[in-house]
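Asks: Mind looking at a prediction? Sequence and model below.
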Amino acid sequence: MKDQKIPRSLKIWFSIHFVIDIILALPLFFFPQEAMAFFGFTVIDKYMARLVAAALAGIGGVSLLSKEKGVESYLSLLNLKIIWSIAAIFGIALTMAQEKRPVSGWIFGLIFMIFFFVWSYYRSKLSSKKD
């Protein structure tokens, strides 16, 4: 399995994912009040903001650390990223439907949708190469 070639474009997407996650995670860790206010949120829970930061740092960090791994690692990470994206999309949509939230909520939902489609595409591509 390790000999199967991972598309260079997928490695680039993993790097992009790392950068985006870290750019969002760092301010949430160290300046949760200011970061959430920047995105238009008025009710701010520092505990939850830092918990989101931890998830972003963890998932983004593993993207960076796994860039040179084999296909099995990529398939596992793609499964994680697909599940994370779907759960985030569902949670964002549910919250946006129930409560008045800033437009940035929809933007984050769109970002998760883009990643969902990217990860699903590559998951399908790698799975078909395995057979």
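Replies: Now that the structure is in, tell me what you want to look at. Numbers count the residues shown, from 1 in each chain.

Asks: switch to C-alpha atoms for all contacts and neighbour counts from now on
Replies: Will do.

Asks: ok, and for the one helix or strand in the chain whose mean pLDDT sits lowest, which residues are buried?
Replies: Least confident helix or strand of the chain, by mean pLDDT, DSSP states H and E, is helix 104-130 with a mean of 92. The neighbour-count check on helix 104-130 (16 or more other C-alpha atoms under 10 Å) flags 105, 109, 112-113, 115-116, 118-120, 122-123, 126 as buried.

Asks: you'd agree Pro64 is up against Ser15?
Replies: Pro isn't right for residue 64; it's Leu. Yes. Counting by C-alpha atoms under 8 Å, Leu64 touches Ser15, with 6.1 Å between them.

Asks: in which helix or strand would I find Trp84?
Replies: Assigned by DSSP states H and E, Trp84 belongs to helix 71-98.

Asks: Which secondary structure elements does that helix sit against?
Replies: For helix 71-98, the elements it packs on are helix 104-130, judged by 3 or more C-alpha pairs under 8 Å, 6 or more residues apart in numbering; DSSP states H and E.

Asks: Report the angle between the helix it packs on and helix 71-98.
Replies: 150 degrees (axes from the mean of the first three to the mean of the last three C-alpha atoms, to 10 degrees).

Asks: Could you list the low-confidence segments of this protein?
Replies: Applying pLDDT under 70 to the chain flags the ranges 1-3, 130-131.

Asks: could you redo the last one with a cut-off of 50?
Replies: 1-2 (pLDDT under 50).

Asks: Would you quantify the distance from Val118 to Ser85?
Replies: 10 Å (C-alpha to C-alpha, to the nearest Å).

Asks: ugh, wrong one, I meant Ser73
Replies: Counting by C-alpha to C-alpha - Ser73 and Ser85 are separated by 18 Å.

Asks: Which one's more surrounded, the two?
Replies: A direct count of neighbours by other C-alpha atoms under 10 Å for Ser73 and Ser85 places Ser85 higher, at 21 against 15.

Asks: Just to check, the more buried one is in contact with Ile114?
Replies: No. Using C-alpha under 8 Å, Ser85 is not in contact with Ile114; the gap is 9.0 Å.
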